[in-house]
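> Dropping the sequence and predicted coords here.
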Amino acid sequence: MRAVHFGAGNIGRGFIGLVLSQAGYEVVFSDVNDLLVERLQDKKAYTVKLASEGQETFTVTNVTAINGKVLADVAEAVAQADLVTTAVGVNILKHIAPGIAEGLKLRMERGAAPLHIIACENAIGGSAQLKEHVQSQLSLEQQGKLAAFAAFPNAAVDRIVPIQNNEDPLEVIVEPFYEWVVDESQMIPGFHRIEGIHYVRELEPYIERKLFTVNTGHCVAAYLGYLQGFATIQQAMANADIAAEVQRVMEETGALLHLKYGFDKSQHADYIHKILNRFVNPYLTDEVTRVGRSPIRKLSSNDRLVRPAMQSYERGMFPAHLAGGMAAAFLFDVSDDPDAVQIQADLQAHGLAQTITQYTTIGADHPIHEAVMKQYELLKQASKA
Ligand SMILES: NC(=O)c1ccc[n+]([C@@H]2O[C@H](COP(=O)([O-])OP(=O)(O)OC[C@H]3O[C@@H](n4cnc5c(N)ncnc54)[C@H](O)[C@@H]3O)[C@@H](O)[C@H]2O)c1
Ligand SMILES: O=P(O)(O)OC[C@@H](O)[C@@H](O)[C@H](O)[C@H](O)CO
């Protein structure tokens, strides 16, 4: 069995590659980082170390890589794959779609078996988004055949993998916790169940619970931490005010998740408690610039701040802490983050009110917009003090 995994980065090597290799797959990474590709081709193995007292270490074997810039190689790898997974970033999915589409065309010509393609990104409907990009590369006739040749089940993945600074560039240090949930209702016959994946018939509660708790809390820790001059999430969470605000924002989304899906309150409180402990793991060093990265994506209407805020408001709750998180995101002024640079340029050019609407789609007359404006000014003053 061979899996082609797009993105040999932190989550690709530290989570998906590890699980697939342990499940008996040969893992072929496709990446555009030449050094990473050459190193994987040369070593055919790498190490994953747990960020815990025992530092348990796994050697991931039976791996190799192809260069994602060579379309013909990507297409051939997809044509020969038994499974395709991705962890490249949701905004990169459109760039890997042409190679996947070419591979699927080869499979159609060759009458190959149906292929499952699972996007493991932090996004609602990541695989569905990838499917749309792939479809746009196919003729109408090929689009008509697609359902018989490929399925794109959505997924939720959870494991904190910081940016790595190890001597061995292939080694990855990861937190012990992991969760990989896949929507089995979107699968077609021929899928081999993989140990380590939790299959569910309805993914939305899982992806929203994960994105609105882990990722909402995480980005609030990052944005508030950044404003107070902390370099890492661990340092930010050691500040009692930031830790309390992170907990409050998770409780705010928790109230929504309880109303929307009926999650048990005490079980959800345990879930939050565990996540807060994961954020303070002393064996991890996770930079606020990684966790806050791509604020345009994080401020978009379907992501971890605006989506739960609007859903809470629609259900009669006022998401004051999510509004504070959005305000802090607009103050994330990191010069090597292109999204942050763009937001700061728009704030300068168009002012706060228009920029909030531009990125969040929340109209200027909406009470949440007003709350973001107020919180922005308060946070700005406090960060100058
Ligand atoms: N790191 C985490 O804690 C974590 C946890 C859960 C989910 N995720 C999600 O996983 C995805 C990847 O995150 P990451 O932290 O591993 O990022 P990363 O930057 O470490 O890895 C992304 C990899 O994709 C590669 N890439 C970029 N363009 C490509 C292309 N066209 N073809 C093939 N490869 C390409 C990059 O070179 C890089 O190696 C994101 O969607 C992220 O939200 C991350
Ligand atoms: O990857 P992003 O940019 O969507 O979010 C940053 C972090 O919150 C994220 O990578 C978490 O570490 C991860 O989602 C934990 O499962």
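Alright, I've got the coordinates. Ligands and ions are numbered 1, 2, ... in the order given.

> can you give me the strands for this structure?
2-6, 26-31, 45-50, 57-61, 63-67, 83-86, 115-119, 150-151, 155-158, 172-174, 179-183, 198-200 (DSSP state E).

> Take the ones you listed and write them to CSV, including mean pLDDT, distance to residue 95 and mean neighbour count.
Glycine gets a C-beta too; all of them are placed from N, C-alpha and C. Shown next, in CSV, are those (pLDDT from 0 to 100; distance: least, Cβ to Cβ, whole Å; neighbours: other Cβ atoms under 10 Å):
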stretch, mean pLDDT, distance to residue 95, mean neighbour count
strand 2-6, 98, 9, 26
strand 26-31, 98, 11, 24
strand 45-50, 98, 24, 18
strand 57-61, 98, 25, 14
strand 63-67, 98, 14, 20
strand 83-86, 98, 11, 25
strand 115-119, 98, 13, 25
strand 150-151, 98, 18, 22
strand 155-158, 98, 19, 25
strand 172-174, 98, 23, 24
strand 179-183, 98, 23, 21
strand 198-200, 97, 29, 15
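
> Count the residues that sit near residue 262.
9 (other Cβ atoms under 10 Å).

> Distance-wise, check it relative to residue 209.
Going from residue 262 to residue 209 by Cβ to Cβ, to the nearest Å gives 12 Å.

> JSON lines please, covering the strands of the chain and showing distance to ligand 1.
JSON lines is the format used below for the strands of the chain (distance: least, Cβ to the nearest ligand atom, whole Å):
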{"stretch": "strand 2-6", "distance to ligand 1": "5"}
{"stretch": "strand 26-31", "distance to ligand 1": "4"}
{"stretch": "strand 45-50", "distance to ligand 1": "13"}
{"stretch": "strand 57-61", "distance to ligand 1": "15"}
{"stretch": "strand 63-67", "distance to ligand 1": "9"}
{"stretch": "strand 83-86", "distance to ligand 1": "8"}
{"stretch": "strand 115-119", "distance to ligand 1": "8"}
{"stretch": "strand 150-151", "distance to ligand 1": "18"}
{"stretch": "strand 155-158", "distance to ligand 1": "5"}
{"stretch": "strand 172-174", "distance to ligand 1": "8"}
{"stretch": "strand 179-183", "distance to ligand 1": "10"}
{"stretch": "strand 198-200", "distance to ligand 1": "15"}
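
> tally of neighbours for the residue nearest to residue 23 when sequence neighbours are not counted?
Excluding the flanking residues, the one nearest residue 23 by Cβ to Cβ, 6 or more residues apart in numbering is residue 194, at 4.6 Å. Per other Cβ under 10 Å, the neighbour tally for residue 194 reads 20.
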